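[1] output the structure for:
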Amino acid sequence: MPRQFHSTIEEPEKAYLVGVQRTGARDGWRGESSLDELALLARTAGAQVVGTTLQRLDAPNPATYVGKGKVDEIKSRRNTDGYTMVVLDDELSPSQQTHLEDAFGVKVLDRTALILDIFAMRARTREGRLQVELAQSEYLLPRLKGQWSHLERLGGRSGSPGAIGVRGPGETQIETDRRLVRKKITKLKEEIERVRQQRSLYRRRRQREGVPVIALVGYTNAGKSTLMRALTRDSDVFVQDQLFATLDPLTRRIYLDDAHPALLTDTVGFIQKLPTQLVAAFRATLEELADASLLLHVVDITHPDAALQSQTVEQTLADLGLSDKPRLTALNKVDQIADADGRTPNSLEELSAFQGALTANIPGAVLISAERRWGLELLKQRLLEELAVHS
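    Below is the predicted model:
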């Protein structure tokens, strides 16, 4: 009898994506675009997308996110699509998540949990891991009943009176779990505060040296790290065509000309519906932006939602209190702009006739291709000019 071999490669989780298009929504994002982005997030997390559903509603259903009919429809798709988890395109309340898991019989994640999972994959430094762990803990705290059922087994629910060594007088298991997670959150915040103080000392030392700091900002996957690599000629800068390829900030020295050095900092990309837990948890990292001399906003000009992505970045900067921070915009990936016949340019000069149209909404923006190194000398010249104006 021939020997049978079994694959040891884990099958990817099969994700079914669900979104709500709010009728009358003013943010401009189409539900289809948001679901496309959710699919990219799911694939970045290692899932295989097997189906999608989009429903137009005035607002998400407070109990089940989508209407009952859609819930039944998605439930019926499980046998045909074979999904092993359902991912929702907005943050769910704990009760919504519970109702949907009961209905579908599989794991249910929301956009926030998916982004947190990707951040956990991407965190390479101790600082990054601390900040992700804090965001995850704060997200899980109100969801402990469903997410932490394993603690009930550890706590001795099978006949023993309590969780040995941790339970307070008269505490239920869920109260114990919450107290433990709150204690963990407090400890993480203390450790992150120490990181903040170290970063603050480092930034003050940089300021004494008088070298200006330029911070790269932009929507995730706009090409910030590719531009960082192009300007620094540092092959160690991590570049990958995925969402949130860069999580931990990276600073390198560059020369804008022979006499003017600057420090260039690459930071985490922004995204629409960015979880508030992440913004708060990553305060230590985002303070790099507050202390920068100039922000360089990188926009993927080829993306169909480039304008909305740019607005999302500007709104996030405003939420961080950075609306007045001097900035310069670089319109990236111009080498991928195709003409009516589908032909892409062979040089930046071929786009000179379209300069006005491309920069109409952002006067003073610089056209570049970080991948092809087009427009970098002009970009450095413009950075010098902006730094001189705002010094």
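[2] quick one: buried residues of stretch 353-361?
    Within stretch 353-361, the residues scored as buried using 16 or more other C-beta atoms under 10 Å are Thr359. (Each C-beta comes from the backbone N, C-alpha and C, glycine too.)
[3] the spatially closest residue to Lys273 that is not a sequence neighbour - how many residues pack around it?
    Spatial nearest neighbour of Lys273, excluding adjacent residues (C-beta to C-beta, 6 or more residues apart in numbering): Arg111 at 5.7 Å. Using other C-beta atoms under 10 Å as the criterion, Arg111 is surrounded by 25 other residues.
[4] give me the phi and psi angles of the closest residue to Ala59 other than its chain neighbours.
    In space, and not counting its chain neighbours, Ala59 is closest to Arg22: 6.4 Å by C-beta to C-beta, 6+ apart. The phi/psi pair for Arg22 (degrees, to the nearest 10) reads phi -80, psi 120.
[5] what bridges to Arg22?
    Leu57 (DSSP bridges).
[6] in this structure it contacts Leu57, no?
    Yes - proximity of Arg22 to Leu57 meets the contact threshold set by C-beta atoms under 8 Å, at 6.7 Å.
[7] about what we covered before: tell me who's in contact with the residue nearest to Ala59.
    Arg22 is in contact with Arg56, Leu57, Asp58, Ala59, Pro60, counting by C-beta atoms under 8 Å, 6 or more residues apart in numbering.
[8] at 7 Å instead, please
    Arg22 makes contact with Leu57, Asp58, Ala59, according to C-beta atoms under 7 Å, 6 or more residues apart in numbering.
[9] so what's the residue count around the last one?
    Meaning Ala59. With other C-beta under 10 Å as criterion, Ala59 counts 10.
[10] name the element it belongs to?
    Element membership for Ala59 (DSSP states H and E) is empty, with no helix or strand holding it.
[11] that one and Pro304, how far apart?
    Computed as C-beta to C-beta, to the nearest Å, the Ala59 to Pro304 distance reads 26 Å.
[12] try the first one
    According to C-beta to C-beta, Leu57 stands 24 Å off from Pro304.
[13] looking at the two, which has the bigger crowd around it?
    Leu57 (14 against 11).
[14] wait, Thr265 sits on Arg252?
    No - under the criterion of C-beta atoms under 7 Å, Thr265 makes no contact with Arg252, lying 8.2 Å away.
[15] quick one, which of those two is more surrounded?
    Thr265 (21 against 17).
[16] residues in contact with that one?
    Val213, Ala215, Leu216, Pro249, Leu250, Thr251, Glu288, Ala292.
[17] now the longest helix along the chain: how far from the chain's centre is it?
    For the chain, the helix that runs over the most residues, judged by DSSP state H, is helix 173-209. Distance of helix 173-209 from its chain centroid, counting by C-alpha atoms, centre = their mean, to the nearest Å, is 21 Å.
[18] then stretch 375-391?
    28 Å.
[19] buried residues in that stretch, which are they?
    If you call a residue buried by 16+ other C-beta under 10 Å, then stretch 375-391 has these buried ones: Gly375, Leu376, Leu379, Lys380, Arg382, Leu383, Leu384, Glu386, Leu387.
[20] excluding covalently adjacent residues, which one is nearest to the first one?
    Distances taken as C-beta to C-beta, 6+ apart place Ile368 nearest to Gly375, at 3.8 Å, with adjacent residues excluded.
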